[in-house]
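*Asks:* coords please:
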Amino acid sequence: MDQLSAMRVFVRVVELGNFTRAAAALNMPKTTVTNMVRSLETHLRTRLLNRTTRRVMVTTDGALYYERATQILAELDELDGSLSLAQAQPSGRLRVEMAGAFADTIVLPGICDFHARYPQIQLDIGIGDRLVDYIAENVDCALRGGTPADQSLVARKVGELKLRCYAAPFYLENFGTPTHPQELATTHHCVGYLNAPTGRVWQMDFRRGDEFHEIDPRYVISVNDHRTYVNAGLAGIGVIQSVPFFIGEALAKGELVPVLTDWECESIPLYIVYPGTRHVSNKVRVFVDWIAKRLQQIDAPAGAVATGQPLCLS
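*Replies:* Numbers count the residues shown, from 1 in each chain. Below you'll find the model as predicted:
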């Protein structure tokens, strides 16, 4: 028995919950996966899994073995990566989840630069803010705005998004210009931005000197997609908060104008997150570093990205 291979197979079965999904993920026959786990149990002289017709459940010994096995495999992969693969060009499929606004304004305008640097990486981007099952869906990492709430994820901060308030001239002509943040909760209308994981509309935070306000925006519509959010603002439905380089074209054309400019809006931290139990591959490492450098480059005059001018790194 190849104990290391059997250990990897066992870990995958535990992570995916049954032999069929593990076999598909490993591109192996189901009978091979089953036999390898049985051989491992015979070698260890203990049952690691309880089988039913629909799924497998980890025994007490199996849970202990899984925890230690994942650590050993991660350390082994790290050792391989730091030695034999240290100079290798990262390659293979990299699956990343992110909101559409991040893809449109951060990643895609510089994707030619990323490809030139890492031509052997195939980047698969999933769009959305939904909760992700990283193991079952084989997602390597996600680019997320806001501090991650899931303590099982490792999070690396790669930048911050500085928000400002905007409204369409049509809205201002019909409803006037807000002069204080409290008006966004009482007399003015906003477009609500729905936080998909929580189902709640994001608060709008404002600071001026020692004065601070957390506003629950007064809205007639809320959405959970940034492109739709901005389009609602362009339609004159209400005040929005966005990042200047997200809406550079609309600002350049005068379709959106800044409001409440004497107030500072709270920044949104931007994180790359990935499962704490998964070894961080070279593919993820180079993508995280590239994103961090992209954000430093992109935080430039409004419109540099939205006008379609790639900000390639030197």
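
*Asks:* Output the below-cut-off pLDDT ranges for the stretch 51-200 of the chain.
*Replies:* Within the stretch 51-200 of the chain, the stretches with pLDDT under 70 are 53, 78-88, 197.

*Asks:* can you map out the strands along it?
*Replies:* With strands called from DSSP state E, counting those that start in this stretch, the stretch 51-200 of the chain shows them at 56-58, 92-98, 121-127, 141-145, 153-162, 164-167, 190-195, 200-201.

*Asks:* same deal with the stretch 201-314 of the chain?
*Replies:* 204-208, 211-215, 219-223, 240-242, 257-259, 264-265, 267-275.

*Asks:* Buried deepest among the ones you listed, which one?
*Replies:* strand 240-242 (a mean of 24; mean count of other CB atoms under 10 Å). Every C-beta, even on glycine, is put in place using the N, C-alpha and C of the backbone.

*Asks:* Now find how far off-centre that one is within its chain.
*Replies:* 20 Å (CA atoms, centre = their mean, to the nearest Å).

*Asks:* Tell me the strands beside that strand, with direction?
*Replies:* Paired strands of strand 240-242, with direction, are strand 164-167 (antiparallel) (DSSP bridges).

*Asks:* Dump the partner strand to CSV, keeping only the CA atoms.
*Replies:* Listed next in CSV are the C-alpha coordinates belonging to strand 164-167 (Å, rounded to 0.1, in the frame of the first residue of the first chain):
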residue,chain,number,x,y,z
ARG,A,164,-17.6,58.4,-1.4
CYS,A,165,-21.2,59.6,-1.9
TYR,A,166,-22.7,60.3,-5.4
ALA,A,167,-26.0,61.2,-6.9
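
*Asks:* who's in contact with that strand?
*Replies:* 177-178, 204, 233, 236, 238-244, 247, 251, 256-261, 263, 265 (CB atoms under 8 Å, 6 or more residues apart in numbering).

*Asks:* wait, what's in contact with the residue lying farthest from the centre of the chain?
*Replies:* The centre of the chain is farthest from one residue, Arg45, which by CA atoms, centre = their mean lies 41.9 Å away. Contacts for Arg45 (CB under 8 Å, 6+ apart) come out as none.

*Asks:* just use 27 as the starting number from now, easier for me
*Replies:* Sounds good: first residue 27 from here, last item Arg71.

*Asks:* mind listing what's buried in stretch 204-212?
*Replies:* Across stretch 204-212, burial judged by 16 or more other CB atoms under 10 Å covers Pro204, His206, Pro207, Glu209, Leu210, Ala211.

*Asks:* residues in contact with it?
*Replies:* Contacts of stretch 204-212 (CB under 8 Å, 6+ apart): 191, 213-214, 216, 230, 232, 239, 241-244, 265, 285-286, 289.

*Asks:* Recalculate using a threshold of 10 Å.
*Replies:* With CB atoms under 10 Å, 6 or more residues apart in numbering as the test, stretch 204-212 has contacts from 191, 193, 198, 202-203, 213-216, 229-234, 237-245, 264-265, 267, 285-286, 288-289, 291.

*Asks:* And the longest helix seen in the chain, what does it pack against?
*Replies:* Identified as the longest helix of the chain according to DSSP state H is helix 86-108. In terms of contacts (3 or more CB pairs under 10 Å, 6 or more residues apart in numbering; DSSP states H and E), helix 86-108 is packed against helix 29-42, helix 56-70, strand 75-77, strand 82-84.

*Asks:* Who does the last one pair with, and is each partner parallel or antiparallel?
*Replies:* For strand 82-84, the pairing partners within the sheet under DSSP bridges are strand 75-77 (antiparallel).

*Asks:* I would like the residues contacting the strand it pairs with, please.
*Replies:* The contact list for strand 75-77 (CB under 10 Å, 6+ apart) reads 36, 39-40, 44-45, 60, 63-64, 66-67, 81-85, 87-88, 92.

*Asks:* For the residue farthest from the centre of the chain, give me the pLDDT.
*Replies:* You'll see Arg71 listed with a pLDDT of 92.

*Asks:* Report pLDDT for the residue nearest to Glu281 when sequence neighbours are not counted.
*Replies:* Nearest residue to Glu281, sequence neighbours excluded (CB to CB, 6 or more residues apart in numbering): Leu260, at 5.6 Å. On the pLDDT scale, Leu260 is placed at 96.

*Asks:* Fine, thanks again, bye for now.
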